[in-house]
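In: Here you go, sequence then predicted model.
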Amino acid sequence: MSTVNATLPGVFYRRPSPEQDPFVEEGAVVQQGQTIALIEVMKTFSEIKAEQAGTIGRFLLEEGDEVEAGQGVVEVVSP
Amino acid sequence: MSEIIVRSGGLYTTVQDAGRDGQYAIGMPPSGALDQYSYRVANLLVGNPDGAAALEATYIGPELEFTDDRLIAVTGAEAPARVNGEQVAPWETLSVRAGDVLSFEMITSGARPYVAVSGGIAVPEYLGSRSTYTLTGIGGFQGRALRTDDRLPLGSPPVSGPAPGSSVPAGLRLALGGVAELRLVIGLCSYRLTEAALESFVDTEWKVTKDADRVGYRLRGGTIDFIDRDPPFGAGSDPANVVDLGYPIGSVQVPGGNEPIVLLGDAVTGGGYATVGTVISVDRDRIAQARTGDRVSFTPVDVDAAISARRDRGIRLEKVRAAVS
């Protein structure tokens, strides 16, 4: 199992916009490079992507939480 | 002409120099490197004349490919840098050749790394400066942050520069981490605050919000009460309003009374919010390296202390010049 970390500080979002569904749910299978979440800072939304293929485990942050650079965002279980 | 190939622009990397001074009266903010100390030291390390244009990154460093022999230096925020995958030292003169690639790992401390290249970034000057002002899209490289496949023109390298391996002594590097203590000259509109509000403003440890960029830093953590009054004509009804004035660079305004904003190099030059104080120029280097989630506090000082701090920074820069040349 590995943890995907935030590469920059900001505010954490799991949805592309407030009215849309989350990018991925816990338990979903993701491919390498697939967008998992967003971090907003300086009016810019940066995508957090899966570093490798795997199954999404537990999200370590809630929608709208503040996040620091290097902080764990989600656990990914390798296939 | 030689150039740098931008393989990745990072989050928000712009060309900046000492700033577009002298245009404030026409509503043009100075822009320029937010952390002037790290920017100037980077230029010293590659033998550039004062005022040469360099790159300022934010949170995520760029990936840059060089196309000829150059001296480069990385200063400012701590973000481990690599040339062709090999880790290289910050605050040090580095030598690169055609095909070499500079890249960054995740930032560990501070917010803004600086990259200087011998010869400087030779984008055209606009109103006497190469600094980027993205809000109106002027200066720098096409008036915007760098993107993949951009090609940055470089100037002719100076005939001589510091030897590769020249290094800035630890005591002359920027101190990062912890609460950023910002010295502040109280005014111009502090008379609008209650005495208790001014005290609580300087006693509060403020947190940097996600809205913290080259325009300004919005802070959170306390509330500011204004003295009741019948607003004069033109001031508007918000208690934080005054009749319009020019904003000192570094001034702190408190729209709504609970979220102070420190105005930085890309900020608008005037408006109608009360400015409770002005962060001294030297400490704007420090806030430039505070990031979202970090904490800042304010310490009132007088103008003499501000001038003396500026003189001290000049002395430090001369010490760096002596140490690396």
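Out: Here it is on my side, so go on. Keep in mind that what you see is a predicted model, and the values were worked out from it rather than measured. Residues are numbered from 1 along each chain as shown, chains lettered A, B, ... in the order given.

In: switch to C-alpha atoms for all contacts and neighbour counts from now on
Out: Noted.

In: what's the helix or strand for residue 75?
Out: Looking at chain A here, since you left the chain open. strand A:72-77 (DSSP states H and E).

In: Chain B, not that one
Out: Short version, using DSSP H and E: B:T75 is in strand B:70-78.

In: Pull out the buried positions in that strand.
Out: B:70-78 (16 or more other Cα atoms under 10 Å in any protein chain shown).

In: cool, stretch A:24-33 as well?
Out: Per 16+ other Cα under 10 Å, stretch A:24-33 contains these buried residues: A:24-25, A:29-30.

In: Now tell me what touches it from outside.
Out: Contacts of stretch A:24-33 with the rest of the structure, by Cα atoms under 8 Å, 6 or more residues apart in numbering or on different chains, involve A:14, A:36, A:49-59.

In: now swap in stretch B:232-252 and tell me
Out: B:192, B:226-228, B:231, B:254-257, B:260-265, B:267-281, B:284.

In: Filter those down to just the buried residues.
Out: Buried subset of the contacts of stretch B:232-252 (neighbour count, 16+ other Cα under 10 Å): B:192, B:226, B:254-257, B:260-265, B:267-270, B:272-281, B:284.

In: Could you list which of those residues also contact chain A?
Out: By Cα under 8 Å from any Cα of the partner chain, no member of the buried ones among the contacts of stretch B:232-252 lies near chain A.

In: Show me those residues that map onto helices.
Out: For the buried ones among the contacts of stretch B:232-252, the ones inside helices are B:281, B:284, with DSSP state H as the criterion.

In: Show me which residues of chain B are close to chain A?
Out: Close to chain A, as judged by Cα under 8 Å from any Cα, chain B has residues B:59-60, B:106-108, B:209-213, B:291-293.

In: can you tell me which of the residues you listed lies nearest to B:I138?
Out: Nearest to B:I138 among the residues of chain B next to chain A, counting by Cα to Cα, is B:D213 at 17.3 Å.

In: Quick one: residues contacting that closest one.
Out: A:M42.

In: do B:G265 as well
Out: B:29-32, B:34, B:214-216, B:249-250.

In: Mind doing that once more with 6 Å?
Out: Applying Cα atoms under 6 Å, 6 or more residues apart in numbering or on different chains to B:G265 gives the contacts B:30-31.

In: next one: A:E63
Out: When contacts are counted by Cα under 6 Å, 6+ apart, A:E63 touches A:Y13.

In: Tell me the spacing between it and B:G76.
Out: 32 Å (Cα to Cα, to the nearest Å).

In: Make sure B:G314 is indeed in a helix.
Out: Yes - secondary structure of B:G314 (DSSP: H, G, I helix; E, B strand; the rest coil): part of a helix.

In: who's in contact with B:V202?
Out: B:F298.

In: Okay, and it sits in which element?
Out: helix B:195-203.

In: What's the first helix or strand after that helix?
Out: Next element after helix B:195-203 (DSSP H and E): strand B:206-212.

In: just checking, what packs against that next one?
Out: strand B:216-220, strand B:295-300 (3 or more Cα pairs under 6 Å, 6 or more residues apart in numbering or on different chains; DSSP states H and E).

In: quick one: low-confidence parts of chain B?
Out: B:1 (pLDDT under 70).

In: Pick out the residue closest to the middle of it.
Out: Nearest to the geometric centre of chain B sits B:L34, at 1.0 Å (Cα atoms, centre = their mean).

In: quick one, phi/psi of that residue?
Out: With angles defined as degrees, to the nearest 10, B:L34 sits at phi -70, psi -40.
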